[in-house]
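Participant: Could you look at this predicted model? Sequence included:
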Amino acid sequence: MMSAPDKLIRHFKQYMYEKGFIRSKTFVNDERPIVITDINKNSLLNNIAMNGLESYEHEVVLLIKNYSRKLSTFIDVGANVGYFSMLAELYFESDTKIIAIEPFPRNIEFIKKLEFNS
């Protein structure tokens, strides 16, 4: 159970994200940063910012995280906002080519704004 101060901090962070006062969040793994922006404009990005990269579709996250790090190409079909592409960037070797395929223009804009190290 979450303590009262932790609940207050969580609600404050949620408010800051929703109102657009905090618009980006950086995640780092093995010194490889990923910056996600427009957190206040998408509920999935907001959830990731609040709860961490491994908070959504946990089984798939574990599959990506534990898969062999040596992969020539990772294809994210139906990429939405690029969540699994972000995970691939963090957990696969830096020479892995990441391809995100998404038909909806609004989601494509989120993907284009991801800042990958490679």
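Facilitator: Arrived safely, thanks for sending.
Participant: hey, let's count contacts and neighbours off CA atoms from now on
Facilitator: Fine.
Participant: the strands in the chain, which residues?
Facilitator: 24-29, 32-37, 73-77, 97-101 (DSSP state E).
Participant: Go through the first one and flag the buried ones.
Facilitator: Within strand 24-29, the residues scored as buried using 16 or more other CA atoms under 10 Å are 24-25.
Participant: what does that strand rub up against?
Facilitator: 33-39, 49, 53, 90-91 (CA atoms under 8 Å, 6 or more residues apart in numbering).
Participant: do the second one as well
Facilitator: Defining contact as CA under 8 Å, 6+ apart, one finds that strand 32-37 is touched by 23-28, 45, 86, 90, 110, 113-117.
Participant: what angle sits between it and strand 24-29?
Facilitator: Our comparison of strand 32-37 with strand 24-29, counting by axes from the mean of the first three to the mean of the last three CA atoms, to 10 degrees, yields an angle of 160 degrees.
Participant: per-residue pLDDT, the spatially most central residue of the chain?
Facilitator: Nearest to the mean C-alpha position of the chain, counting by CA atoms, centre = their mean, stands residue 83 at 4.6 Å. With respect to pLDDT, residue 83 scores 89.
Participant: Cool, thanks, signing off.
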